[in-house]
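Asks: following is a predicted model, sequence given first.
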Amino acid sequence: MNKKGQVHYDNLITLVFFLVIVSAVGIFGGLVYFGMNTLEVTLKTVDFVIPTEDNTTAVALNMSTFQDILGVVVYPFLGLRDSLPYLTYFLVFSFIIALGFSAYLTSKNPIFFVLHLLFTILITYFSFLLSNMYIGLLADPFINALMINFTIYNKLMIYLPQIIFFVSLVFGAIAFINIMKPQNKYSSTDINY
């Protein structure tokens, strides 16, 4: 419900969610990728012959070893780990697009553009802290081995302050331009689009 005088902080809240999601989703994806890779390597070391019944009416499926069964049941699921880096990229970039839609659809008082700029500076400062923390995490050999397959995510986290600043600045400008639109198409005093 939009009431006169009610403050809308949709873009600001979206920026905070963007920062939290970007920081968490890649590291979680790296952990899942590493876990699935470790599970597959461990399962490939286990192999034994499965005893079968000598039944002439049964259809022979050539499933005589444990690895044959894992090849049908488990390995296709573990093969999905190669799509995890792409899922994190699409999640991050779809969130940037959602941020743009939110900024465009949110109409604000022009004074809130100044508030948005101040909040952008504050959130950029926190993204500097997160970026430095991530660079410190990459210095650890274990975390570096986890995140080696997430090259775009690594670049995204290293350049997070620049991305946050420019994305929030552009979308703040979109929200500000949305204010300048005329309320009706027959207005002669405003700019007609």
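Replies: Yep, that arrived. Residues are numbered from 1 along each chain as shown.

Asks: please count neighbours and contacts with C-alpha atoms only from this point.
Replies: Fine.

Asks: got the phi/psi numbers for residue 49?
Replies: phi -80, psi 130 (degrees, to the nearest 10).

Asks: same for the worst-scoring helix or strand of the chain on mean pLDDT, what does it pack against?
Replies: Taking mean pLDDT, DSSP states H and E as the measure, the helix or strand of the chain with the lowest value is helix 84-105, at a mean of 77. When contacts are defined as 3 or more Cα pairs under 8 Å, 6 or more residues apart in numbering; DSSP states H and E, helix 84-105 packs onto helix 10-43, helix 151-158, helix 160-179.

Asks: and the ones you listed, which one is worst for confidence?
Replies: The weakest mean pLDDT among the helices and strands packed on helix 84-105 belongs to helix 160-179, with a mean of 81.

Asks: confirm residue 149 sits in a helix?
Replies: No - going by DSSP: H, G, I helix; E, B strand; the rest coil, the assignment for residue 149 is coil, not a helix.

Asks: which residues touch it?
Replies: 30, 85 (Cα atoms under 8 Å, 6 or more residues apart in numbering).

Asks: how about a cut-off of 10 Å?
Replies: Listed by Cα atoms under 10 Å, 6 or more residues apart in numbering, the contact set of residue 149 reads 30, 33, 34, 82, 84, 85.

Asks: how many neighbours does residue 155 have?
Replies: 10 (other Cα atoms under 10 Å).

Asks: likewise for residue 75?
Replies: Neighbours of residue 75 (other Cα under 10 Å): 18.

Asks: got it, and residue 72?
Replies: Neighbours of residue 72 (other Cα under 10 Å): 11.

Asks: that one: what secondary structure?
Replies: helix.

Asks: circling back to that earlier point, now the helices and strands packed on helix 84-105 as CSV including distance to residue 74?
Replies: Formatted as CSV, the entries for those read as follows, by distance: least, Cα to Cα, whole Å:
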stretch, distance to residue 74
helix 10-43, 9
helix 151-158, 27
helix 160-179, 37
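
Asks: closest one to residue 122 among the ones you listed?
Replies: Smallest distance to residue 122 across the helices and strands packed on helix 84-105 (Cα to Cα): 9.7 Å, for helix 160-179.

Asks: distance from the closest one to the middle of the chain?
Replies: Helix 160-179 sits 19 Å away from the centroid of its parent chain (Cα atoms, centre = their mean, to the nearest Å).

Asks: just the CA atoms of it, as PDB, please.
Replies: Presented in PDB, the C-alpha positions along helix 160-179 are these (Å, rounded to 0.1, in the frame of the first residue of the first chain):
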ATOM      1  CA  LEU A 160      32.900  -6.400  -6.000                       C
ATOM      2  CA  PRO A 161      33.200  -2.800  -4.900                       C
ATOM      3  CA  GLN A 162      33.400  -1.400  -8.400                       C
ATOM      4  CA  ILE A 163      30.500  -3.600  -9.500                       C
ATOM      5  CA  ILE A 164      28.300  -2.600  -6.500                       C
ATOM      6  CA  PHE A 165      29.100   1.100  -6.900                       C
ATOM      7  CA  PHE A 166      28.400   1.300 -10.600                       C
ATOM      8  CA  VAL A 167      25.300  -0.900 -10.600                       C
ATOM      9  CA  SER A 168      23.700   0.900  -7.800                       C
ATOM     10  CA  LEU A 169      24.600   4.300  -9.300                       C
ATOM     11  CA  VAL A 170      23.100   3.300 -12.700                       C
ATOM     12  CA  PHE A 171      20.000   1.900 -11.200                       C
ATOM     13  CA  GLY A 172      19.600   4.900  -8.900                       C
ATOM     14  CA  ALA A 173      19.800   7.100 -11.900                       C
ATOM     15  CA  ILE A 174      17.100   5.000 -13.500                       C
ATOM     16  CA  ALA A 175      14.900   5.400 -10.500                       C
ATOM     17  CA  PHE A 176      15.600   9.200 -10.600                       C
ATOM     18  CA  ILE A 177      14.700   9.400 -14.300                       C
ATOM     19  CA  ASN A 178      11.500   7.600 -13.500                       C
ATOM     20  CA  ILE A 179      10.500  10.500 -11.300                       C
END
